[in-house]
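Peer 1: I need the structure of the sequence given here:
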Amino acid sequence: MEFDKYQEGTEKTAIYPQDQKISYLALGLNGEAGEVAEKVKKSIRDDKELGEETKDELGDVLWYLTRLADELGYDLSDIADRNLEKLLDRKERDKLHGSGDDR
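Peer 2: Sure thing, here's the model as predicted:
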């Protein structure tokens, strides 16, 4: 599925308070990312492979990210393109390692 089609589809399940939508979505994104981290932590602790349920959690992360982008007026495909261009530029300049936004 393409990003823009997915973004359009998420509108059908977007039920949240409109007066606090940005905060709600950012907190939801953080919460779902935390659930992914918990799956990874437990796989390390129990010395087990990540299961299929991790895909479900990643899907929840994608939903919140997509809704947040949409509510901010951004196209997910543009975000993906921009991020890949930034990372490829950093790789070309041998700046993938390190920290900070201005690499």
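Peer 1: hang on, residue 29 packs against residue 69?
Peer 2: No. With contacts defined as CB atoms under 8 Å, residue 29 does not count as touching residue 69, sitting 10.1 Å away. Using the backbone N, CA and C atoms, a C-beta is placed for each residue, glycine as well.
Peer 1: The helix or strand residue 91 falls within packs against which elements?
Peer 2: Using DSSP states H and E, residue 91 sits in helix 76-92. Here helix 76-92 touches helix 3-10, helix 53-71, going by 3 or more CB pairs under 8 Å, 6 or more residues apart in numbering; DSSP states H and E.
Peer 1: buried set for that helix?
Peer 2: 76, 79 (16 or more other CB atoms under 10 Å).
Peer 1: Repeat that for stretch 21-41.
Peer 2: Quick answer for stretch 21-41 (16+ other CB under 10 Å): 21, 24, 25, 28, 29, 32, 33, 35, 36, 39.
Peer 1: was I right about the fourth one contacting residue 66?
Peer 2: No. With contact defined as CB under 8 Å, residue 28 does not reach residue 66; the gap is 11.3 Å.
Peer 1: Need the residues that contact the biggest helix by length in the chain.
Peer 2: If you go by DSSP state H, the chain has its longest helix at helix 21-45. Helix 21-45 has contacts (CB atoms under 8 Å, 6 or more residues apart in numbering) with 16-17, 48-51, 53-54, 57-58, 60-61, 63-65, 67-68, 71-72.
Peer 1: now that helix, how far from the chain's geometric center?
Peer 2: 10 Å (CA atoms, centre = their mean, to the nearest Å).
Peer 1: Could you tell me the average pLDDT over it, please?
Peer 2: What helix 21-45 shows for mean pLDDT is 98.
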